[in-house]
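Student: Generate a structure from the sequence data that follows.
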Amino acid sequence: MKHRAQYIVDKASPMVAFYPSMNKRFKRFIVLATLWIFPFLAFSAGECRAGEGKHLFILSGQSNMRSPLPDAFKGAVEKVFGKDTVIVVTVAHPSQPIYRWYKKWAPPEGAAPVNGTDIGTLYDELMNSVNRAINGKDLASVTFIWMQGEADAEKGWGGVYEKSFYGVLDQFKKDLQLKEIHFVIGRINDYWLTSKGVKDGDLVREVQVRMGEAHPNGAWVDTDDLNAGVNPWGLYEVDGGHFPTPAYRVLGQRFARRACRLIDPDMKLDDGIFDAVFLDSSKDVVSHLAIGKNISGTVPAAEGGRPGLASLTDGEYGGADPADRQWVVFPASKEGVELTVDLGTSQSVTGIGVDLLIDHEAGAAFPKSMVVSVSDDGMSYRQAHKKPITFFYKDSIRREVVGKLKPRSFLMYVEAPGERARFVRVILESKHSLTFLDEIIVNPAAKSDLLRNRKQ
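Tutor: Predicted coordinates:
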């Protein structure tokens with residue numbers, strides 16, 4: 001995208017070339033005069049004004065382009081470029097293949113045809129939103145943010161994915177009268193690997209990386225480290241197809257950081273803008289509000305001088321060995337495990353978690369469910385998470401997953417709405433297995449995503 005002065009010089013050049021007999025001094029005069037007399041010349045179609053106008057960001061894809069990702073993205077780019085110079089448009093729909101965006105899509109050879117009336121309809125919806133948003137405004141840049149591919153991987157359509165994606169870009173360029181467009185692709189996460197039964201999972205992931213790395217206006221971001229935890233529906237997954245709510249914020253900022261770099265590779269970005277944190281390990285916790293606070297509840301098993309409940313708020317964490325003395329062991333029971341932390345005074349509670357050990361040989365498994373709640377008086381409790389947290393849909397699947405996992409700790413963490421409360425309670429339903437805990441965590445202070453993932 002050319003700067004205004006370079007554009008005018010290019011327009012003046014044919015005039016100079018028409019008179020080959022002109023001496024160099026007169027040629028220079030013609031160019032300078034053109035720059036001085038006609039600074040108002042319009043840009044030709046297909047060029048955005050570098051440094052002027054709005055930066056348009058188009059976010060689209062499947063269900064993983066979900067809230068709060070767009071808000072996190074918008075907040076970051078507005079801080080970089082200024083609120084008045086940014087336009088963000090988002091249109092996303094769950095479980096949709098790329099043919100809903102690409103109007104000339106055709107299935108791979110040998111694959112069954114699809115309903116032709118659906119082809120390209122989401123693109124039309126997206127462009128309607130884009131046109132309403134820009135409404136004649138000058139554009140400094142256009143960047144397409146894309147989080148999609150799971151549906152195509154499942155259906156075995158990876159062989160036409162690259163052509164389809166570039167076809168969508170061509171549609172944008174034609175409709176917006178652009179020569180080029182920036183794009184950032186979120187690679188589908190490792191839940192969708194071919195080894196896990198997804199037909200073209202590996203192929204789609206490879207294509208997405210190749211496009212992001214090979215195209216001069218493209219980039220891609222990794223998502224494999226963001227899909228462990230409690231998903232938006234309250235289900236804990238070891239490596240799910242979706243992401244926990246805090247991870248969507250991190251992903252939004254990763255997209256924003258890449259997009260800013262594409263628009264201006266020399267831009268010095270303020271690291272403080274990209275401050276979202278996703279906790280998937282107690283190793284990321286620097287400190288938390290419950291350290292040193294009183295704790296009461298279910299009596300742990302008395303095993304060889306194991307520590308008592310007080311060690312669950314000491315800020316110390318166990319390793320992968322069940323014999324590690326940081327682990328507090330609770331027996332299986334119909335009542336489960338109920339633990340209450342007294343914060344001493346009323347505090348704003350923004351997040352609650354427990355760190356537990358999974359070890360098949362030691363009998364340490366995921367609980368069936370977890371409920372977190374808060375109270376002002378220690379008597380009347382209100383649930384701090386919108387629904388109980390479940391661990392896998394079926395017990396048989398839970399046992400199968402645990403049996404395949406190497407011994408390690410898992411952080412079960414959920415965000416809370418920030419209500420003020422003095423007491424925090426965690427209830428773990430654990431009828432059929434031991435529960436190993438080493439910490440109850442409230443309002444963790446953590447390492448930023450930028451520090452943990454500088455490659456992004």
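Student: residues contacting Glu150?
Tutor: 62, 64, 95, 188, 192, 241 (CB atoms under 8 Å, 6 or more residues apart in numbering). Where you see a C-beta, it was placed from the backbone N, CA and C, and this is true even at glycine.
Student: nope, Leu309 is what I meant
Tutor: Residues near Leu309 by CB under 8 Å, 6+ apart: 295-297, 300, 328, 339.
Student: Let's have these in JSON lines, adding pLDDT.
Tutor: Formatted as JSON lines, these follow (pLDDT from 0 to 100):
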{"residue": "Ile295", "pLDDT": "97"}
{"residue": "Ser296", "pLDDT": "97"}
{"residue": "Gly297", "pLDDT": "96"}
{"residue": "Pro300", "pLDDT": "93"}
{"residue": "Val328", "pLDDT": "94"}
{"residue": "Leu339", "pLDDT": "98"}
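Student: List buried residues within these.
Tutor: Buried by 16 or more other CB atoms under 10 Å: 295, 297, 300, 328, 339, out of the contacts of Leu309.
Student: Centre-most residue in this structure?
Tutor: Leu251 (2.4 Å; CA atoms, centre = their mean).
Student: Check what pLDDT that one gets.
Tutor: What the model reports for Leu251 is a pLDDT of 98.
Student: need the next SSE after the helix or strand containing Ile58, C-terminal direction.
Tutor: According to DSSP states H and E, Ile58 maps onto strand 54-61. The first helix or strand that comes after strand 54-61 along the chain, using DSSP H and E, is helix 69-81.
Student: Which other helices and strands does that next one contact?
Tutor: strand 54-61, strand 86-92, helix 245-263 (3 or more CB pairs under 8 Å, 6 or more residues apart in numbering; DSSP states H and E).
Student: quick one: that helix to chain centroid distance?
Tutor: From the chain centre to the centre of helix 69-81 is a distance of 13 Å (CA atoms, centre = their mean, to the nearest Å).
Student: residue ranges with poor pLDDT in the stretch 51-200 of the chain?
Tutor: Applying pLDDT under 70 to the stretch 51-200 of the chain flags residues 51.
Student: any chance you could map the strands in it?
Tutor: Applying DSSP state E, counting those that start in this stretch to the stretch 51-200 of the chain gives strands spanning 54-61, 86-92, 139-147, 182-186.
Student: orientation of the longest one relative to helix 245-263 in degrees?
Tutor: Regarding strand 139-147 and helix 245-263, their directions subtend 140 degrees when assessed with axes from the mean of the first three to the mean of the last three CA atoms, to 10 degrees.
Student: what about Thr350, how many neighbours?
Tutor: Close neighbours of Thr350, defined as other CB atoms under 10 Å, add up to 15.
Student: coming back round to it: a markdown table for the helices and strands packed on helix 69-81, including distance to Lys179?
Tutor: A markdown table is the format used below for the helices and strands packed on helix 69-81 (distance: least, CB to CB, whole Å):
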| stretch | distance to Lys179 |
| --- | --- |
| strand 54-61 | 15 |
| strand 86-92 | 20 |
| helix 245-263 | 15 |
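Student: closest one to Gly110 among these?
Tutor: strand 54-61 (26.8 Å; CB to CB).
Student: from the middle of its chain, how far away would the closest one be?
Tutor: Centroid separation for strand 54-61 versus its chain: 16 Å, with CA atoms, centre = their mean.
Student: What pairs with it, parallel or antiparallel?
Tutor: Applying DSSP bridges to the sheet, strand 54-61 is found paired with strand 86-92 (parallel), strand 139-147 (parallel).
Student: So what touches the last one?
Tutor: Taking contacts as CB under 8 Å, 6+ apart, the residues outside strand 139-147 that touch it are 1, 48-62, 64-65, 69, 73, 85, 92, 165, 168-169, 172, 176, 178, 181-186, 251, 255, 259, 262-263.
Student: Going by neighbour count, which of those residues are buried?
Tutor: 1, 48-50, 53-62, 64-65, 69, 73, 92, 165, 168-169, 172, 176, 178, 181-186, 251, 255, 259, 262-263.
Student: The strands of the stretch 51-200 of the chain into a markdown table, with extra columns for distance to Val372?
Tutor: As requested, these are exported to a markdown table (distance: least, CB to CB, whole Å):
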| stretch | distance to Val372 |
| --- | --- |
| strand 54-61 | 31 |
| strand 86-92 | 29 |
| strand 139-147 | 29 |
| strand 182-186 | 29 |
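Student: out of those, nearest to Gly272?
Tutor: Using CB to CB, the nearest of those to Gly272 is strand 86-92, at 18.1 Å.
Student: contacting residues for the closest residue to Arg100 other than its chain neighbours?
Tutor: Nearest non-adjacent residue to Arg100, counting by CB to CB, 6 or more residues apart in numbering: Leu122, 4.0 Å away. For Leu122, the contact set (CB under 8 Å, 6+ apart) comprises 60, 91, 93, 96, 100-101.
Student: Return the list of strands paired to the one helix or strand Phe410 maps to, each annotated with direction.
Tutor: Assessed by DSSP H and E, Phe410 sits inside strand 408-415. Counting by DSSP bridges, the strands paired with strand 408-415 are strand 351-358 (antiparallel).
Student: For the helix or strand following the partner strand, name the packing helices and strands.
Tutor: The first helix or strand that comes after strand 351-358 along the chain, using DSSP H and E, is strand 369-375. In terms of contacts (3+ CB pairs under 8 Å, 6+ apart), strand 369-375 is packed against strand 381-383, strand 389-391, strand 420-429.
Student: Worst mean pLDDT among those strands?
Tutor: Minimum mean pLDDT among the helices and strands packed on strand 369-375: strand 389-391, a mean of 86.
Student: Show me which residues of the longest strand belonging to the chain are buried.
Tutor: Ranked by number of residues, the top strand in the chain under DSSP state E is strand 337-348. Using 16+ other CB under 10 Å as the test for burial, strand 337-348 gives 337, 339-343, 347.
Student: Of those residues, just say which sits nearest to Glu206.
Tutor: Out of those, the member with the shortest distance to Glu206 (by CB to CB) is Val337, at 43.8 Å.
Student: what is the closest one paired to in the beta sheet?
Tutor: Residues in beta-bridge contact with Val337 (DSSP bridges): Leu428.
Student: what's the spacing between it and Ala416?
Tutor: Per CB to CB, to the nearest Å, Val337 is found 19 Å from Ala416.
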